[in-house]
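how would this look folded up:
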Amino acid sequence: MVVFRIDRRSGVATYLQIVRQVEQALRMGALEEGDRLPTAAQVAADTKVNPNTTLKAYRELERAGLAEVRQGAGTFITRTLVPPQAGADSPLRASLTEWLNEARAQGLSGQEAEALFRAAHATVYPPGPDTG
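Numbers count the residues shown, from 1 in each chain. All right, here's what the predicted structure looks like:
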């Protein structure tokens, strides 16, 4: 299950934060096809977000073909965004996990390891069109 974190100071619309968090969970394999998303009421209780905002995010996910609203049953994930080479058993993921374990062993915090990763990422994938 996904737990939404809303940053009201980010400048990003709340519904887009929800959409992006679902997409990220799909990329990371934390959500898979068939998983049920929390109800709008659950999200509202957890994040103090208006239920209509969550429903707007879920409609956006439905338009993108990532979720499906089933009347009376909830909203369900319809496909994954995990690339085949990034699955739980992939060599790339194993290498990254090994690197993260080494970073921890070297005394880096999670934030420091993420900052180091982002710096390396920017070197390999410089900002610009189609570099994600």
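
list the residues that contact the residue nearest to the spatial centre of the chain.
Of all residues in the chain, the one closest to the mean position by C-alpha atoms, centre = their mean is residue 24, 1.9 Å from it. Residues touching residue 24, when contacts are defined by C-beta atoms under 8 Å, 6 or more residues apart in numbering, are absent altogether. (C-beta placed from N, C-alpha, C; glycine too.)

from residue 18, how far off is it?
Plainly put, residue 24 is 11 Å away from residue 18 if you go by C-beta to C-beta, to the nearest Å.

all helices of the chain, in order?
Along the chain, the segments classed as helices by DSSP state H run 14-28, 40-47, 51-63, 91-105, 110-124.

right, so of those helices, which gets closest to residue 81?
Judged by C-beta to C-beta, the one of the helices of the chain that comes nearest to residue 81 is helix 14-28, at 3.9 Å.

quick one: distance of the closest one to the chain centre.
Between the mean C-alpha point of helix 14-28 and the mean C-alpha point of its chain there is a distance of 4 Å (C-alpha atoms, centre = their mean, to the nearest Å).

next: stretch 19-31.
Here stretch 19-31 shows a centroid-to-chain-centroid distance of 3 Å under the convention C-alpha atoms, centre = their mean.

for it, buried residues please.
Within stretch 19-31, the residues that qualify as buried are 19, 21-22, 25-26, 31, counting by 16 or more other C-beta atoms under 10 Å.

go on, stretch 62-74?
By neighbour count, and taking 16+ other C-beta under 10 Å as the criterion, the buried residues in stretch 62-74 are 66-67, 74.

quick one: contacts for residue 65?
For residue 65, the residues meeting the contact criterion (C-beta under 8 Å, 6+ apart) are 78-79.

and it, how close does it get to residue 81?
Counting by C-beta to C-beta - residue 65 and residue 81 are separated by 11 Å.
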